[in-house]
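J.: Here is my input, please return the structure:
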Amino acid sequence: MTRRKIVNINENLCNGCGNCIPKCAEGALQIVNGKAKMIKETYCDGLGACLGQCPQGAITITEREADAFNEAEVHEHLKTKTAALTTPSQNSQPLLKPQWPIKLNLVPVKAPFFENADLLFAADCAPVAFKKFHDFMAGKRVIIGCPKFDDARAYAQKLTEIFQQNNIASVTVVHMEVPCCTGLKWAVNKALESSGKKIPTKEYEVKIGGEVIEL
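T.: As a prediction, the model looks like this:
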């Protein structure tokens, strides 16, 4: 070990938004159990490219005893990570690069994973109520929410900013067969109107019995 500068994450401040992850070119950071974590000291160069990305101020640079930065290990780590993301398993489509978080209240407004994305906006009950929900997820970026317990107007405002600041290719809305859940589609429609964007949309409703219909 050597005394050097290295990233420090205050777990009490971190809310798991994931803004820091894309900025870590060495892949030293991951979201684990809802918190940003350094997965290995040798992957962190201590330069702090992730530093200004945390809205909670949870990331700082500290000087302490740590394993030395190892560029060769980073290279192998990134090569393995890339292979895992781009090599499709049998009977599956190529995987997308990681996205985290997925709750609308937590996702960043501007993020690389939103660029040219087919977006799936789903009720957070849908994955449980509909056993083939993952069929909707193929090739899409996912955000979830519940307009019964959150403010649909806040959803519309957040979606407006996402639509304005990213090139979203399409939006698919999946909601439950209850009146409050249609607030997801209302939020999307309001956001499209406010953003001035014309984005193709589809809407699906999960029935109480588990079947799905396109509206």
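
J.: what's Leu51 sitting at in phi/psi?
T.: Backbone geometry at Leu51, expressed as degrees, to the nearest 10, gives phi -60, psi -50.

J.: Tell me how far it lies from Ala111.
T.: 18 Å (Cβ to Cβ, to the nearest Å). Backbone N, C-alpha and C define where each C-beta goes, glycine included.

J.: partner residues bridging Ser170?
T.: Beta bridges link Ser170 to Asp118 when assigned by DSSP bridges.

J.: Give me the pLDDT for it.
T.: Per-residue confidence (pLDDT) for Ser170: 93.

J.: burial of it, as a residue count?
T.: Counted with other Cβ atoms under 10 Å, residues neighbouring Ser170 total 13.

J.: cool, and Trp186?
T.: Count around Trp186 with other Cβ under 10 Å applied: 16.

J.: Can you list the buried residues in the helix or strand that it is a member of?
T.: Taking DSSP states H and E as the criterion, Trp186 maps to helix 183-195. Buried residues in helix 183-195, counted by 16 or more other Cβ atoms under 10 Å: Gly183, Leu184, Lys185, Trp186, Ala187, Val188, Asn189, Lys190, Ala191, Leu192, Ser195.

J.: The third one contacts His175, correct?
T.: Yes - using Cβ atoms under 8 Å, Lys185 is in contact with His175, at 6.5 Å.

J.: Could you tell me which residues touch both of those two?
T.: Counting by Cβ atoms under 8 Å, 6 or more residues apart in numbering, the contacts common to Lys185 and His175 are Glu203.

J.: Tell me who's in contact with Leu106.
T.: Asn15, Gly16, Cys17.

J.: could I get these as JSON lines with neighbour count, pLDDT and distance to Ala169?
T.: Output for these, formatted as JSON lines (neighbours: other Cβ atoms under 10 Å; pLDDT from 0 to 100; distance: Cβ to Cβ, whole Å):
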{"residue": "Asn15", "neighbour count": "16", "pLDDT": "84", "distance to Ala169": "28"}
{"residue": "Gly16", "neighbour count": "18", "pLDDT": "81", "distance to Ala169": "26"}
{"residue": "Cys17", "neighbour count": "22", "pLDDT": "80", "distance to Ala169": "23"}
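
J.: Pipe the residues you listed into JSON lines and attach secondary structure per row.
T.: Converted to JSON lines, the contacts of Leu106 look like this (DSSP: H, G, I helix; E, B strand; the rest coil):
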{"residue": "Asn15", "secondary structure": "coil"}
{"residue": "Gly16", "secondary structure": "coil"}
{"residue": "Cys17", "secondary structure": "coil"}
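
J.: And the most centrally placed residue in the chain, how close does it get to Pro112?
T.: The residue lying closest to the centre of the chain (Cα atoms, centre = their mean) is Trp100, at 3.0 Å. Distance from Trp100 to Pro112, counting by Cβ to Cβ: 12 Å.
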